[in-house]
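1. dropping the sequence and predicted coords here.
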Amino acid sequence: MKKILATLVLASLLLTGCKDDPEPGSMMVRFSMNQNGEAVNLNETFGTDSVAALRIEALKFYISSLKLNGHGQLAAVEVVDFSEGRVDFTFNNIEAGSYSGLNFTLGLSEDQNASNPIDYATGHPLSASWGLYWSWAMKYRFVLLEGRGATDGTIDGSSSDFFIALHPGADGLSQYVNLDQGITVSEGTTVIYDVAIDVDELWDGPGGYIDLPNENQSHTTPSDYYLAEKFIENFAAAMHKR
Amino acid sequence: MRILLGISLVLGLSQCSNPQEYLPEPHPIDVKADLDEAAQIGEFLFSSPMLSLDSTISCSSCHIPQFAFADSARVSSGVHAQAGFRNSPSLFNVAYKKHFFAEGGVEGLERATLAPMLTNFEMSLQAPELMSRIASNETLHSNFVEVFGEDYDYAHVVRALVAYQFTLRSTDSKYDRIMMNVETPDSLWLAGKELFESDRLDCSRCHAGPLQRDTLYHDLGLPTDTVIEGGPDYGRGRLTHNPEDFFHFPTPSLRNVELTGPYMHDGSIPTLDSVIRFYEAGGGPRETNSLRVSFELNDREREALMAFLTSLTGEEARKLNLSGN
């Protein structure tokens, strides 16, 4: 009898020790600006083909319907704000394993874009907390990039300087971004999916070449809609897994 | 004979005993609290500079009670003394308004209230900073808790302001008293009304009904030299991007028009007399001008038209105007 009991206890211990479900892992999606493989920070001056000196002083944008291929949706909407250091987002409870990539929309869906900010608590991406709500039109800016450029290569307040304010945002301007480089999530650890924004490709991409000294202001108005469209298409294509 | 006809016309319209009977229903609001209590907080906030980024301006800086809650400046100044690009409209009777701003793209008072609070060249204050300022003001914080509960948020700030603006009614003018048949119109007023509604002047084609406005957008041929965000002020076209809407602006109510100068969306016409002369000339010079008529008034007719227009000034509005002088 004792032998049988001992066998049962041992068997139950062995069974509980053999879990079928592996422990989930976590994934961080992290955004950065990048030029030739080097990080670019806000307020740092650098050169591009479009202009000799460029300084990005503010960068914010919406991503929506963020999905990990093979897992499903990670977030319905997020706001990335470099000025606030809000550039990384961690998602827990992801089953350990290999995933074939990440996809999201740069911008908002029509429903999200029609939201009333006061329906959301302060701090929510769609609330009136991020300086992205276009209150006169009941819509949101999808991307806000502001800064300065200088055709003579030195940003010093001289006549060769100019301001940059690119604010695309309108139904129909959202861009689908598919990053098909895979990632492996391991049990109990956090893996980082780095999304780099190539600051050269912002001005030269599938939307077309942007001549920054002459094309530096767009608020998605009738007179500058073409630039909003060009810029947001380039922006989406400038995002790569690093 | 003309006077008799005028009186009978007015009497025909004057079957109402109070303005609410001939005014449209206000657009309903839901402030999620007692309306009066919310409005009291809203009234305080309305004149508080804490709502602006640099704490220099309040709602009442641009919507000045003395001027029927409009601005006496051509265009208002926002934070850091930045100039806006349009003339601030009167807030009286916003309860009856459905679509707001020159583009007409904002529906409802709640969203309209949000706009100047967030716009960069107006108050430019985002929700987190405003909530932090309110939380650190002991009295205001207690008032919010009392009216909206412990979990009050930015939405309640907006709703308090909405509640206050909802109470800003101006329907106690001479025009209203005549419409209610409690005041007998004089001959000058009748002549002015007749002119206003005549085919010759065609004013009432757009300034129609008890609120003296339609809900359409018109191009008066005004100059297009105002610059917004690097381009011209397209008005309704800024929202729709439809060239047919370019430079079309909504018809403002003429209630309290005596107190709300300067006039037009860009504040480019300084006095009511010069507005009348603008219309006499058939509006502005651009060929897309949609005004159908030009006309000529003699001095008596101009006086009569002015008498009609000034009869649209409410008693409360006039009292506020005099108290500010």
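-> Good, I have the coordinates.

2. start and end of stretch A:132-141, how far apart?
-> Stretch A:132-141 has an end-to-end distance of 5 Å (Cα to Cα, to the nearest Å).

3. for that stretch, which positions count as buried?
-> For stretch A:132-141, the neighbour count (16 or more other Cβ atoms under 10 Å in any protein chain shown) marks A:132-141 as buried. From N, CA and C alone the C-beta is placed, and that goes for glycine too.

4. which ones are touching A:V191?
-> Neighbour list for A:V191: A:25-28, A:183-185 [criterion: Cβ atoms under 8 Å, 6 or more residues apart in numbering or on different chains].

5. for B:C203, what are its contacts?
-> Contacts of B:C203 by Cβ under 8 Å, 6+ apart are B:195-197, B:279.

6. farthest pair in these?
-> Spatially, the most separated pair among the contacts of B:C203 is B:E197 and B:Y279, at 14.2 Å (Cβ to Cβ).

7. got the residues of the stretch 101-250 of chain B near chain A?
-> B:101, B:103, B:105-107, B:110-111, B:114-120, B:126-128, B:131, B:153-155, B:158-159, B:228-232, B:234, B:237-239, B:241, B:243, B:246 (Cβ under 8 Å from any Cβ of the partner chain).

8. low-confidence bits of chain A, can you list those?
-> A:1-21 (pLDDT under 70).

9. which ones are touching B:F295?
-> By Cβ under 8 Å, 6+ apart, B:F295 lies in contact with B:200-201, B:279-280.

10. oh, that last question was meant for B:L114, not what I typed.
-> A:117-118, A:128, A:133, A:135, B:158.

11. and stretch B:253-262, end to end?
-> End residues of stretch B:253-262 are separated by 14 Å (Cα to Cα).

12. so which residues of chain A form helices?
-> With DSSP state H, the ranges of helices along chain A come out as A:2-17, A:110-113, A:225-237.

13. which members of the contacts of A:V191 are the farthest-apart pair?
-> Maximum distance among these (Cβ to Cβ): 13.9 Å, for A:M28 and A:T184.

14. so which residues on chain A come close to chain B?
-> When proximity is defined as Cβ under 8 Å from any Cβ, chain A approaches chain B at A:116-119, A:121-123, A:127-131, A:133, A:135-138, A:165, A:217, A:219, A:221-225.

15. just the buried ones from these?
-> A:116-118, A:122, A:127-131, A:133, A:135-138, A:217, A:219, A:221-225.

16. now, those that are in strands?
-> Using DSSP state E, the members of those that fall in strands are A:133, A:217.

17. pick out the residue of the stretch 1-150 of chain B closest to chain A.
-> B:A115 (3.6 Å; Cβ to the nearest Cβ).

18. burial count for that residue?
-> 20 (other Cβ atoms under 10 Å in any protein chain shown).

19. doesn't it lie inside a helix?
-> Yes - counting by DSSP: H, G, I helix; E, B strand; the rest coil, B:A115 is located in a helix.

20. coming back round to it: need the contacts of B:L114 in a markdown table (columns: distance to A:D204).
-> Output for the contacts of B:L114, formatted as a markdown table (distance: Cβ to Cβ, whole Å):
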| residue | distance to A:D204 |
| --- | --- |
| A:P117 | 35 |
| A:I118 | 40 |
| A:A128 | 35 |
| A:Y133 | 30 |
| A:S135 | 33 |
| B:V158 | 42 |
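
21. just flag the most distant two among those residues.
-> Among these, A:Y133 and B:V158 lie farthest apart (Cβ to Cβ), at 12.1 Å.

22. thought A:A76 was touching A:I63?
-> No - assessed by Cβ atoms under 8 Å, A:A76 is found out of contact with A:I63, at 10.1 Å.

23. among these two, which residue is more densely surrounded?
-> Using other Cβ under 10 Å, the more surrounded residue of A:A76 and A:I63 is A:I63, with 24 against 13.

24. and B:I3, what's its pLDDT?
-> Looking at B:I3, its pLDDT stands at 42.

25. meant to ask about B:G12
-> Note for B:G12: predicted pLDDT of 40.

26. repeat that for B:G324.
-> pLDDT recorded at B:G324 is 77.

27. contacts only, for the closest residue to it other than its chain neighbours.
-> Nearest non-adjacent residue to B:G324, counting by Cβ to Cβ, 6 or more residues apart in numbering or on different chains: B:Q66, 2.9 Å away. Neighbour list for B:Q66: B:259, B:320-321, B:323-325 [criterion: Cβ under 8 Å, 6+ apart].

28. for stretch B:158-171, give the mean pLDDT please.
-> 97.

29. list the buried ones in that stretch?
-> B:158-166, B:168-171.

30. mind checking which helix or strand B:L140 is in?
-> Using DSSP states H and E, B:L140 sits within helix B:138-148.

31. specify the beta-bridge partners of A:M33.
-> Taking DSSP bridges as the rule, A:M33 bridges to A:V40, A:I197.

32. verify the stated contact: it with A:V40.
-> Yes - counting by Cβ under 8 Å, A:M33 touches A:V40, with 4.2 Å between them.

33. and stretch A:38-50, how far out from the chain's middle?
-> With Cα atoms, centre = their mean, to the nearest Å as the basis, stretch A:38-50 stands 18 Å off its chain's centre.

34. please apply the same query to stretch A:132-149.
-> 16 Å.

35. can you check stretch A:150-158 too?
-> 30 Å.

36. next one: stretch B:201-218
-> With Cα atoms, centre = their mean, you get 14 Å for stretch B:201-218.

37. buried ones in it, by neighbour count?
-> B:201-207, B:210-213, B:217-218.

38. show me which of the residues you listed is closest to A:G147.
-> B:Y217 (35.7 Å).

39. for the closest residue to the closest one other than its chain neighbours, give me its contacts.
-> Distances taken as Cβ to Cβ, 6+ apart place B:H248 nearest to B:Y217, at 3.7 Å, with adjacent residues excluded. Taking Cβ under 8 Å, 6+ apart, we find B:H248 in contact with B:217-219, B:235-237, B:290.

40. and for B:R133, the neighbour number?
-> B:R133, neighbours per other Cβ under 10 Å, totals 16.

41. please apply the same query to the one 5 residues further on.
-> Look at B:E138: counted by other Cβ under 10 Å, it has 8 neighbours.

42. next one: it from B:Q165, what distance?
-> 26 Å (Cβ to Cβ, to the nearest Å).

43. could you do B:S311 as well?
-> For B:S311, the distance to B:Q165 - Cβ to Cβ - is 25 Å.

44. residue nearest the centroid of chain B?
-> B:S90 (3.1 Å; Cα atoms, centre = their mean).

45. assign that residue to helix, strand or coil.
-> Look at B:S90: counting by three-state DSSP, its state is coil.

46. wait, it sits on B:S72?
-> No - counting by Cβ under 8 Å, B:S90 does not reach B:S72; the two are 11.5 Å apart.

47. which one of the contacts of B:Q66 has the most neighbours?
-> Neighbour max across the contacts of B:Q66 (other Cβ under 10 Å) = B:L259, 25 neighbours.

48. hang on, the earlier thing: from the contacts of B:F295, which is closest to chain A?
-> B:Y279 (27.9 Å).

49. residues contacting that closest one?
-> Taking Cβ under 8 Å, 6+ apart, one finds B:201, B:203, B:291, B:294-295 in contact with B:Y279.

50. possible to save these as JSON lines with secondary structure and pLDDT?
-> Compiled in JSON lines, those are given as follows (DSSP: H, G, I helix; E, B strand; the rest coil; pLDDT from 0 to 100):
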{"residue": "B:L201", "secondary structure": "coil", "pLDDT": "94"}
{"residue": "B:C203", "secondary structure": "helix", "pLDDT": "95"}
{"residue": "B:L291", "secondary structure": "coil", "pLDDT": "81"}
{"residue": "B:S294", "secondary structure": "coil", "pLDDT": "91"}
{"residue": "B:F295", "secondary structure": "coil", "pLDDT": "95"}
